[in-house]
Each structure stands twice: as structure tokens, then as C-alpha cells.
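In: need a structure here:
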Amino acid sequence: YNRQIEILWIKDTIALVRSLEKENKWIFFPPICSSKDEFNIGLNYIREKFPEALVSGLSQAMIGASQNQQCLFLYDDYYSEYIYDPNELADMSGGKFSRKRNLIAQFKKKYKYDLLSYEDNHFENVISFLKRYEEEGGADEDFGAIVHALKHKDELDLLCDILVVDDIVVGLSIGVISVLNHGVILFEKSDYNYIGSGTILVQLTSAKHYRACRVLSRQEDIGLPQLRKAKLSLNPLYKERKYACLFDAKTIQLYHLYLDSFDDSKNYVDFFFLHFYRLRRAFYIERDDRIVSALHIIMKKLVFNAQTFELPFVVAASTNVNYRRQGLMREVMSKTFYAMREKGYCLISLYPANPQFYLDYGFVHYAYNISLKSYPKSFECGLEQTNDSSLLSGMYSACIKDYEGYVVRDEKYYTKYLNSMWQDGIVFELIKKDKQVV
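Out: The predicted model follows:
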């Protein structure tokens, strides 16, 4: 609703829907049609007319239906959907929901509440709730879409409910039941000041509307670690994997060179090409009509002596095994240095497995290691998994506050870092002593 959306009809039977995203890049939805042949016509149309576009939200079945051999399909964790048993959420029985039941019990004991079907006379109270939600740090990107949904709930066949405590709205749920009898939660917000409000909202709406549904989709986490944690805490049946599709021939070659050159998992490489990679920041050499040596630049910031510098950072420098020892990486490095100098960057950096290898290119050793604080005696400690990118950023800032030089790692950096490691199931743990982070 908040994006520039355009729809193109092909032969009146195939709909192509696209949205203009940041960096002025077109993102297409999968072709909407009724047969595999039409699906391929739509996909080929996008490839031919908009070869630099991205098609997002493809299912495994859609990839199976695709006959196009000039596509690169990448697993898109940000938009993979969490699928639940609606009866499990309505009942919340068994050991895996014990914590949720405790929250519900706290809420019921403390508050006199009611779940009401949304009516037009509730509009101002809902707006007050949404504004309060934003003021307390909640995301506001969907405010306009929610208002639009409430005003057109009947035309859109939406199921809208509000959770009320003493005439104050403390929760909002908007969902729909598809023609395939799938429940889908479109919007859901609760006031965290009312402990347990989010959990009881899930239980009550699941029982009210979705018990008869085959499954209930609570949609994706869009790469927000805290949202992922919340969705996982409701014990999904599985995560419906979604994929993105790229058509650019150079990108496809660079992807396979990366995949063949390193031990990184396919999930991680897919994440890299969706969220770090930019063709304009890839430098490469071609031989025999294909890319055989390449590196990628990701942009960081370096603070040195209270000055901030844009810092091009080299990653994934590699050469095809059949073309090594021919000086190709030196050639790639030379192209990179020249391009960075032309753009006005005064520094370039990398973090090599073997520092000695890069000294000959003119790199010097800058980073150094220090010992962690040691304790004279061992002590009992505990581990606590964290998804809090703000906390991690704050810990890092405390560590480097007295350094004359450091790479900036803010909350946005840690959010992407958490997500990139999550592709291989790697989690972040806090070491705690007496409930304090060590």
C-alpha cells in the first residue's frame, strides 16, 4: 500500500505486479496466472524486458514449474513464511506452550479484558493505540496500510479484532481466510506494557476465526531478529521456504564462482547475493567468455582520530581453480584499486585468512588482537541466546570507545550479521554472571 505498485496484464490472463524499491530497482511478484505455461510466459517476459529486476516470493512449486534455464533462484529467508496449526495456537496445550500459558494466566489475573470484532466506532481508539505503539518504539511503516484495511475491511473480506482492557485498545489483529482455506495474519500489534497481551491475542483470534483452516500463516520476519524470535516462540509447524529470482548473466557467473571457491553454505551464499552483493561493486576478469576471477566490495565506515572514512572492504576474492597462478587476482586487484581511487576513496581494506598473501599488493597490517579480561578465579556463568542487535551494538561501542581507530558496527550492522549467521543455524549467546552480561 505504501509502495509504488504497477500491474501489467498479458493476454488478459497473466498479471505481472511490480514495486519500485530503494535504489530504484524493480521488484516483481511471481506472475499471477492459472497454468504452468502462462507462468513461464510471465517469467520470460520479465527476463526479456527487465533483466536487472528481482522476482521475489517464489515458492518451491513455482521453481519446479519454471522451464527457464537462465534464472538464478536464491533462498530468501527474509520472506519465508511461518506456518502453524491453528488449533495448537487456539488451545496452547502441552509442554511446548507452557511459557505462553503462564503469560496468558498473568494477563487474565491482572486485567479485565475483552476481544471485540472491530466496528467503525472503534476507529479513533485504534488510532490512539497505533500512535502509542509508535511512540513506544514500534514500527510505523504499516500505519497507512492498517488504516486503509480497516476502512475497507468488508470489501477485502478481512477479519478484524481488537483486544480491549478497561475501554483501552491494547491489541489489534487483522487477518483473512484464503480461497484455499488458509488463514493468514496480515497485521498484529499488541501493547508490551500489558504483559501477555500479544500471546492472548494470538490464542483468542485463532480460536475465533481459524480453527477450521488447514493451516495458519503468520507470514515472514523480514529479517528482524526480534520478530523471528517471537514467531519461533509460537512453535511453527515449519517454515515455508520462499525464493527470489535473478536473471543477470554476470551475476549468475559470479554466484557460481563464489559457490565453487569457498566452503560457505548455499544458504549463506544466497543471503550474500540478496543482501550484500551489488554488480557495480563486483570486479572481475573474463577468459574464454566467462568470469574466472573476481572479488566483491562491501562498504563499511572506519573511524580514525575522530574522522570517519568510507571504507571499501574486499570480500570473496577468488579465482577458478583452472585459471590460478596466472596473475589474474593481481589484475582484479589493480582494477579494483583504480576504480576506488576514481571514486575518491582513500582507503581500502580486507580481512584475509593469510595476511602475508596480500602484503605484496600494498596492504599493511592494521588490526590487532588483545586478550579478553581474565578472572583470577573461575565462576559460575550462564548462557542466554540473544537477538538484540541494539544490545550487541551497545556492547561493541563500549569496547571501542577508547580506541583511536575502529570499524563502525551499529544496530543495522548487527541485524544483518545476526541474519547472515542464522543461515547456518549459528546463534549469539550472552555470557552472564549473576544475571549481568560479562
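In: in stretch 106-113, what's buried?
Out: By neighbour count on 16 or more other C-beta atoms under 10 Å, the buried set for stretch 106-113 is 107, 111, 113. (Glycine included, C-beta is placed from N, CA and C.)
In: ok, what's across the strand from the nearest residue to the last one once chain neighbours are set aside?
Out: Setting aside the residues directly before and after it, Tyr113 is nearest to Val165 in space (C-beta to C-beta, 6 or more residues apart in numbering), at 5.0 Å. Here Val165 sits in beta bridges with Tyr113, Ile168, as judged by DSSP bridges.
In: sorry, back to before: with the buried residues of stretch 106-113 in mind, which one is nearest to Val321?
Out: Comparing those against Val321 with C-beta to C-beta picks out Phe107 as the nearest, at 60.1 Å.
In: Do a quick rundown of the helices in the stretch 151-300 of the chain.
Out: Listed in chain order, the helices found in the stretch 151-300 of the chain under DSSP state H, counting those that start in this stretch are 197-205, 225-232, 249-261, 266-275.
In: how about Leu311, phi and psi?
Out: Leu311 has phi and psi values of phi -130, psi 100 when expressed as degrees, to the nearest 10.
In: ok, it to Met395 distance?
Out: As judged by C-beta to C-beta, to the nearest Å, Leu311 and Met395 stand 22 Å apart.
In: what's the answer for Asp154, then?
Out: When C-beta to C-beta is the yardstick, Asp154 and Met395 sit 49 Å from each other.
In: what sits opposite the nearest residue to Leu328 once chain neighbours are set aside in the beta ladder?
Out: Counting by C-beta to C-beta, 6+ apart, Ser293 is the residue found nearest to Leu328 once chain neighbours are left out, at 3.8 Å. When bridges are taken as DSSP bridges, the partners of Ser293 come out as Ile285, Thr319.
In: Please spell out which residues along the helix or strand of the chain with the lowest mean pLDDT are buried.
Out: With mean pLDDT, DSSP states H and E as the measure, the helix or strand of the chain carrying the lowest mean pLDDT is helix 355-359 (a mean of 83). Neighbour-count burial for helix 355-359, counted by 16+ other C-beta under 10 Å, picks out Tyr358.
In: For that helix, output the C-alpha coordinates as CSV.
Out: Provided in CSV are the C-alpha atoms of helix 355-359 (Å, rounded to 0.1, in the frame of the first residue of the first chain):
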residue,chain,number,x,y,z
PRO,A,355,47.8,-11.8,5.7
GLN,A,356,51.2,-12.5,4.1
PHE,A,357,49.5,-13.2,0.8
TYR,A,358,48.3,-9.6,0.5
LEU,A,359,51.3,-7.7,1.7
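In: ok, and what's touching that helix?
Out: Residues from elsewhere that reach helix 355-359 (C-beta atoms under 8 Å, 6 or more residues apart in numbering): 350, 352, 363, 365.
In: how far is it from where the chain is centred?
Out: Centroid separation between helix 355-359 and its chain, computed with C-alpha atoms, centre = their mean, to the nearest Å, is 34 Å.
In: one step back: and the buried residues of stretch 106-113, which is closest to Thr336?
Out: Distance from Thr336 was checked for each of the buried residues of stretch 106-113 by C-beta to C-beta. The minimum falls on Phe107, at 57.0 Å.
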